Each structure stands twice: as C-alpha cells, then as structure tokens.
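[1] Sequence first, then the predicted structure, then my questions.
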Amino acid sequence: MSRDAANAWPPPGRFPSFGLVMVTSIALAAFFALPCWAWGGAAGLLGHPARAGAFAIIGLAAGASLFTGINLGGCIRADAHDRWMLAPLVLLSLGIAWLPAYADRHDLATIDGDATRDLGLALMAIGSVFRVGPMFVLGRRFTWPLASQPGHKLVTTGFYRFVRHPSYAGAFLGGIGWVLVFRSGLGLILIALLLPAFLPVVRAEESLLMAEFGDEYAAYRRRTWRLLPFVY
C-alpha cells in the first residue's frame, strides 16, 4: 500500500455503497418527516435550539456511519436471525419518531423545563458516539441483523471491553435523549417498551456468536454486561 493510500480518508473499502446511502437517506427522511408532521411544520419544530440540535446530531451521526465500512449483509445472509423479530422494533421506532414531537406541540404528559431538553441533547451526543464508534471499529464486520462472516474474529477491547452490545446501548441512550429533547413522558414509555421487543434480537445474536466462537465467547460473556455495566 502506498503512503498516500495509507493516509487516505476514508480508508480503502470504507466508501459508502449505493445501498447504504439509500437506506440511510430513507431513514433520515422518515425521521425528519414524522416529527414535522406531528408538529405541523418544520419551522416550529426547529424553533427551539435543543430540537434543532437533536436533528443536527442525528444528521452528523448518520453521515459518519456512511464511512465506517459497514455492510447490509445481515439482511440477506441465510444465517441471520429471523427478521420477523424486527417488525415490532420498526413500529416502535416510528412511534418514537412521531409521538414526542406531537406531545411536545400539544403539551401532553410533558416534563417541564429546558434542563430536560439540554439533558436529552447531551444523552443524544453521548449515545451517538457509542452507536457509531463500534461501526468504525468493526467496519465491514458490522452487519445488522448480525450474520457470521468468513474470518470473523471476536472483538473484546475498546467499546466492547465491558459491554457486549455497545452500539445497541448507544442507540438506547440516544433514544432516551431524543424523547427528553421533546420533554416527552409518553416517549419514555415507548423507550421502555422497546427494550423487551429488542431482547429477542439480542438473544438471537448472542446464540449465533456462541455457536461461532464457543468457549471464547462464553468466557467473554461471563466478564461483561449486555448493555449497561454493573446493571444489565
């Protein structure tokens, strides 16, 4: 590899594929359109700095994820877990995109104070780091849903040192931040419902990793937590 290639950014093989760009663009469009619909327009929705900041964080995280080298192989590989489990996650995610903005606009079960919005913005920023950071670590080995790959090695350092699913943990943290930006008590209920809907996906992925790595993964699982250190 030439020096220019070694210093290039993004690294070779990490240019976004057309499919990834399309999926990311559609997801971003939906996640902006639904709150706009709930609020009644983009101007009012973006009228508060915290809400505008939330969309900026989402856009930056999505843009960064395009250059991590991740692939969509988990959606097509035969050894990926059953995709029917993803349906409730999709429905709840759409609700989380729409309901907090609607509740904020109509002051339904809201938590008063701009401090709530600021806390939410901070949690979104932290969650985005833990959501996207592991994608950079794994590159093309990062698939969703998870699927085994030739030459796949178990990563147990960095983001994965204490938590087995740091990207999922980041997504949950960012989701909590999102609903707090809208001061939404109802949104927190949806986040709480998201966890039990997500557990079958996590268990299926861990079963696949156990089958792939055996005792190595069993030892790793004994010394780590699934999502939150010292809690779960």
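    Ah, there it is.

[2] Just the buried residues of the helix or strand hosting Ala38, please?
    Applying DSSP states H and E as the criterion places Ala38 in helix 18-39. Counting neighbours by 16 or more other CB atoms under 10 Å, one finds that the buried residues in helix 18-39 are Leu20, Phe31, Phe32, Leu34, Pro35, Cys36, Ala38, Trp39. (Each C-beta comes from the backbone N, C-alpha and C, glycine too.)

[3] Give the other helices and strands that that helix contacts.
    Applying 3 or more CB pairs under 8 Å, 6 or more residues apart in numbering; DSSP states H and E, one finds that helix 18-39 contacts helix 42-45, helix 49-65, helix 86-106.

[4] want to throw the ones you listed into CSV with mean neighbour count?
    Listed next are the helices and strands packed on helix 18-39 as CSV, based on neighbours: other CB atoms under 10 Å:
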stretch, mean neighbour count
helix 42-45, 14
helix 49-65, 17
helix 86-106, 18
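
[5] Using JSON lines, lay out those together with mean pLDDT and distance to Val137.
    Shown next, in JSON lines, are the helices and strands packed on helix 18-39 (pLDDT from 0 to 100; distance: least, CB to CB, whole Å):
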{"stretch": "helix 42-45", "mean pLDDT": "94", "distance to Val137": "34"}
{"stretch": "helix 49-65", "mean pLDDT": "95", "distance to Val137": "13"}
{"stretch": "helix 86-106", "mean pLDDT": "91", "distance to Val137": "23"}
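
[6] now Arg15: how far from Ser65?
    To be clear, residue 15 is Phe; Arg isn't right here. Shown here: Phe15 relative to Ser65, a distance of 13 Å by CB to CB, to the nearest Å.
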